[in-house]
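Colleague: output the structure for:
(6 chains)
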Number of protein chains: 4
Amino acid sequence: MPATRTSNRRVRARAPETTREALVGAAYAQLAEHGFEGLRTREIAGAVGVNIATLHYYFPHKQDLVRSVVGHAMARFRSTLSGSGAPADQLRAHFEGLRLLSRKEPQLFAVMGELALRAARDPAIAAILRKTDDTWHETLAALVRQARKDGALDEQIEPEGIAALIVAALKGTYLIPVASAQPERLDQTLHQLERSLGLRRKTTRRRP
Amino acid sequence: MPATRTSNRRVRARAPETTREALVGAAYAQLAEHGFEGLRTREIAGAVGVNIATLHYYFPHKQDLVRSVVGHAMARFRSTLSGSGAPADQLRAHFEGLRLLSRKEPQLFAVMGELALRAARDPAIAAILRKTDDTWHETLAALVRQARKDGALDEQIEPEGIAALIVAALKGTYLIPVASAQPERLDQTLHQLERSLGLRRKTTRRRP
Amino acid sequence: MPATRTSNRRVRARAPETTREALVGAAYAQLAEHGFEGLRTREIAGAVGVNIATLHYYFPHKQDLVRSVVGHAMARFRSTLSGSGAPADQLRAHFEGLRLLSRKEPQLFAVMGELALRAARDPAIAAILRKTDDTWHETLAALVRQARKDGALDEQIEPEGIAALIVAALKGTYLIPVASAQPERLDQTLHQLERSLGLRRKTTRRRP
Amino acid sequence: MPATRTSNRRVRARAPETTREALVGAAYAQLAEHGFEGLRTREIAGAVGVNIATLHYYFPHKQDLVRSVVGHAMARFRSTLSGSGAPADQLRAHFEGLRLLSRKEPQLFAVMGELALRAARDPAIAAILRKTDDTWHETLAALVRQARKDGALDEQIEPEGIAALIVAALKGTYLIPVASAQPERLDQTLHQLERSLGLRRKTTRRRP
DNA sequence: CATGAATGAGCATTCATTCAT
DNA sequence: CATGAATGAATGCTCATTCAT
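Modeller: Sure thing, here's the model as predicted:
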C-alpha cells in the first residue's frame, strides 16, 4: 500500500495528489513559464519538494515526463470543446470559454504554443497535436453546419472553410503571445470573427 | 591590406559576405531547424567554418547573436509587407506572397514562431516583435480602409477588426506548424479569409 | 506457519532454494556476465523476482552479497580438486575436468577471473583466494610427489616448481579469456603441460 | 601554435608532456590502481590538474580515453618483446625482462589484466589484445624454433606447444595478482619453465 | 582577426541504500 | 519477509565563455 500523502515527512503543503501527479503539474507549470528551453528536471523536482532521483523513479527519462505533460495539456484543452445548447450559442460559448480560460489559466496556452513548435521536431508530439487539432476543427465545422441548417448562419457559408479560419484565428490569437500586450487586438479578432459569422451585429461596439 | 574573404583558407564556398553576416545567417538557419532549445554556438561557428572564439569576437554573448538574428528575420518579414497597386490587389498579393514565402523560405516562419514564443520571456524580443506586429496590423488596416473607400469592400466593414482577424489567422496558419500535415487547411483558411473580405467569390472553389 | 516458497506469488519457476540462495546464484551469474564493473543489485533482485529492498534484507550491503558469491565460487572450484585413483591419473583427470568445466560452466572461470583482479584491491577477497590457491598448489604438488615416488614421473622433477607451473598455466589459460578466440592454444597448452610431465607421449598429436 | 607547458598557469609541476599525454598517463595509472570499476574521469582530470571539461576536450567520450590507454599499454608491453642475441639468451632475457618489469612497473600488468577481463565484453579491446597475444606467441615460437635448430633445445620439442605453455604460464603469473602474496611461486614458475626448456640446470637452486 | 586550449556551472541519469508500512 | 517510495552522492557529458598567442 503506498504511503498516504499525509504521513509524508515533507513539510511543503501540497494538495492531496500523488507525487506522480504533482510532478506532472510542476512540469506543466515550468514548461509554461520557461519553455522547453528552460525546462529543468531539478527545478521540477524542487517545486514538488522531492529529490531528483524520485522524479526519475516515476519518469525514468525526461521525455517520459514530457509525454505525461502533453497528455495533461491535451486533456485540459479538449475539456473546453464540449458544449450544449443551440449551435450558435455553442460557438459563442466556445469563444467566450477560451477568453475566460486565457485569463484563468494562461499556462495552458503557453504550453500549447511550446508543444506546437516542438511538434516540428518531435513526430510523437506532432501526432498528438494533430489529433487534437482535428477534433477541434471537426467540432467547429459540425457546429457551423448545424447553425447553417438551423438558419442561424448564411446558407452560402462553407463550414470547412469557416472552421479552418476560426481555428487559425484562435491559434494565432492565443498561442502567439505577442499580441497579449495589446489586449484590444484579441477582442477585435474575436468580435470580428463573431461578426463574420453573423453571431454579433455589426453595429455592436465593444465599449459603448 | 587585410586578407579578403577569398584569400581565406576556408574551403567552403561562400557568398562574398562578411564573417559577421555569415554567422547571423547560420544562426538563423540553426534557429529555424533546431529552435532555441537546440541552438548551439559551436554548431553555428562550425557551419560557417570558424572557431568558436571567432564567433565570440563578433558576438561577445550568445544573446548578441540572437538579437542580430531577430533583426535579420524582421527585415526579411517586413520586406513582404510593401506592395503597390489597388488596395484589393495588394491584399490579394499579400496573401499570395505569404503563401509563396512559406514554400520558398519556411525557415522564416519557423524563426518567427520561435521568436514569438520567446517574446513571452524576453522583453527585448517582445518589443521588437510588437513593432513588427503593429506595422503589419496598420498596413492591413490601411489597405482595408482604402479598399472600403474605393468601394471594393463593404462599407460596413471595420478595418481594425478585419486587420486583427487577418493577422491572427495568418499567424495561426503560418507560425503554428501543426497544420502543415494538412495543407488543405491552410488553403481553406486563406480562401475563407478572401471570401470573407469579398476578395473572392463565394462560389469560387479551389478545385472546380 | 510461514508461507513456503511454493506459495509465493512469483511466477518464475525456481528450484526449491531459499531466496537467499537464489540471490547469490543470480549475483554469481551477473558477475560472470557483466563483471564487477556492471554488477547491479537491482538487476540481481530483478532476476530473482524480488524487490531491491528484499535483497538488502538478506544482504544489508552489496559487499555482503559479493562475499557470499565468493564463497559460492570457491566451493564450486574446490569441488574440482578432489579425485581418486593413481596420482598420474588424477593429474590427467584434473586437466580433463577443468577442460570440461570450462565448457559446461564458463561462468565459474569468468567469476574467478573477476575475483582474482579484485583481490588486488580487496584484502578479504585476496585472503580467500590465496587459501584456494594454496590448496590448489598443495594438491598438485602432493600428486606430483606421489607420482614421482610411484615412478610415474622423472625423479629429477621438483614437485613445488611443477605445481607452480601447472597452476600458473591453468590460470593463464582459463582466467584470461583472450585466448578463447584461439581454442587451439588452450589445447596446445594443456597437451604441452601433459607432455612436459610425461603424462602424454611426445609423439602423440592432437590431429594426426 | 599551442601554448607551451611552461607558460601554463597551472601550479602543479608536470613532466614536459602535453595535456593529452598526461591524461592518458593518469588514466593508465588510475586503471591500474582502481580497475575499470573505479575508473573516474573526474579523478583522472584531477590527477592531471585540469578541469573535467578539458578531459572531454581531448577525449569526447570516456571510451576514447580508454582506447588511448589501451594503445599506451600495448606499446609498453610490445616493447618488451624485442630482443637480440642467441635465441636461448633471448628467451632467458624475456623472462628476466618481465620479472624486472613486474617490479619496476607493476601497473602495466594490472592494466593488462583489466583489459584481458574486459575483452570478454568489449570486442574492440578483444581484437587489440588478440593481436598482441599473437605477436607474443609467434615471437616465442620463433625463438624456440631457432633454439631447437641451434641445438640449444631438444629436437623433440614442439615450438607451438611450448610457446602456448609459456604464454599461458606468464599470463597466469603476471596478470593474476593473487600469487603476488607468495612471491616464491612466481620464481618457482619461471625457474620451472626454464628448466622445462633446458635453459636452466635442474640442480640449480635459487636459494641454496 | 582568428584560434587552440581551457574552464565553471550545470544537466540528465544512475545506484546502493533506507524506511514506513 | 517483503515492498513501494524515496534519497544522497555521484557520474559522464555539455555549453557558453575566456584568454594567451
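Colleague: elements contacting the helix ranked longest in chain A?
Modeller: When chain A is parsed with DSSP state H, its longest helix is helix A:123-150. In terms of contacts (3 or more C-beta pairs under 8 Å, 6 or more residues apart in numbering or on different chains; DSSP states H and E), helix A:123-150 is packed against helix A:62-78, helix A:87-104, helix A:106-118, helix A:159-174. Backbone N, C-alpha and C define where each C-beta goes, glycine included.
Colleague: repeat the analysis, applying 6 Å as the threshold.
Modeller: With contacts taken as 3 or more C-beta pairs under 6 Å, 6 or more residues apart in numbering or on different chains; DSSP states H and E, helix A:123-150 sits against helix A:87-104, helix A:106-118, helix A:159-174.
Colleague: buried residues in the longest one, which are they?
Modeller: Translated: helix A:87-104. A:Pro87, A:Ala88, A:Gln90, A:Leu91, A:Arg92, A:His94, A:Phe95, A:Gly97, A:Leu98, A:Leu101, A:Ser102 (16 or more other C-beta atoms under 10 Å in any protein chain shown).
Colleague: chain center to the longest helix of chain A, what's the gap?
Modeller: Put simply, helix A:123-150 sits 14 Å off its chain's centre (C-alpha atoms, centre = their mean, to the nearest Å).
Colleague: what average pLDDT does it get?
Modeller: For helix A:123-150, mean pLDDT rounds to 90.
Colleague: now do stretch A:29-42
Modeller: Stretch A:29-42 shows an average pLDDT of 97 in the prediction.
Colleague: with stretch A:81-92 instead?
Modeller: Averaging pLDDT along stretch A:81-92 gives 83.
Colleague: okay, now the residue nearest to A:Lys62 when sequence neighbours are not counted: neighbour count?
Modeller: Nearest residue to A:Lys62, sequence neighbours excluded (C-beta to C-beta, 6 or more residues apart in numbering or on different chains): A:Thr41, at 5.7 Å. By the measure other C-beta atoms under 10 Å in any protein chain shown, the count of residues near A:Thr41 is 17.
Colleague: report the separation between A:Thr41 and chain B.
Modeller: To chain B, A:Thr41 is 15 Å away according to C-beta to the nearest C-beta, to the nearest Å.
Colleague: and what of A:Pro177?
Modeller: 5 Å.
Colleague: give the full set of residues in contact with that residue.
Modeller: B:Ala120 (C-beta atoms under 6 Å, 6 or more residues apart in numbering or on different chains).
Colleague: show the pLDDT at it.
Modeller: For A:Pro177, the pLDDT comes out at 78.
Colleague: need the helices and strands packed on helix A:123-150 in CSV with distance to C:Phe36, can you?
Modeller: Formatted as CSV, these follow (distance: least, C-beta to C-beta, whole Å):
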stretch, distance to C:Phe36
helix A:87-104, 57
helix A:106-118, 42
helix A:159-174, 56
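Colleague: what's the closest of those helices to D:Val167?
Modeller: With respect to D:Val167, and counting by C-beta to C-beta, the nearest of those is helix A:106-118 at 58.1 Å.
Colleague: quick one: the closest one near chain B?
Modeller: Yes: counting by C-beta under 6 Å from any C-beta of the partner chain, chain B has neighbours in helix A:106-118: A:Gly113, A:Ala116, A:Leu117.
Colleague: count of neighbours near the last one?
Modeller: So that's A:Leu117. The number of residues near A:Leu117, taken as other C-beta under 10 Å, comes to 27.
Colleague: let me know the pLDDT of it.
Modeller: With respect to pLDDT, A:Leu117 scores 94.
Colleague: what's the spacing between the closest residue to it other than its chain neighbours and chain D?
Modeller: Nearest residue to A:Leu117 in three dimensions, chain neighbours excluded: B:Gly113, at 5.4 Å (C-beta to C-beta, 6+ apart). Between B:Gly113 and chain D the distance is 33 Å, computed by C-beta to the nearest C-beta.
Colleague: and for A:Asp150?
Modeller: Distance from A:Asp150 to chain D, by C-beta to the nearest C-beta: 67 Å.
Colleague: please identify which helix or strand holds the residue lying closest to A:Ser68 once chain neighbours are set aside.
Modeller: Of all residues beyond its chain neighbours, the one nearest A:Ser68 is A:Val24 (4.8 Å), with distances taken as C-beta to C-beta, 6+ apart. Per DSSP states H and E: A:Val24 is located in helix A:19-34.
Colleague: is any part of that helix close to DNA strand E?
Modeller: No: for helix A:19-34, no contact with DNA strand E is found by C-beta under 7 Å from any atom of the strand; the gap never falls below 9.8 Å.
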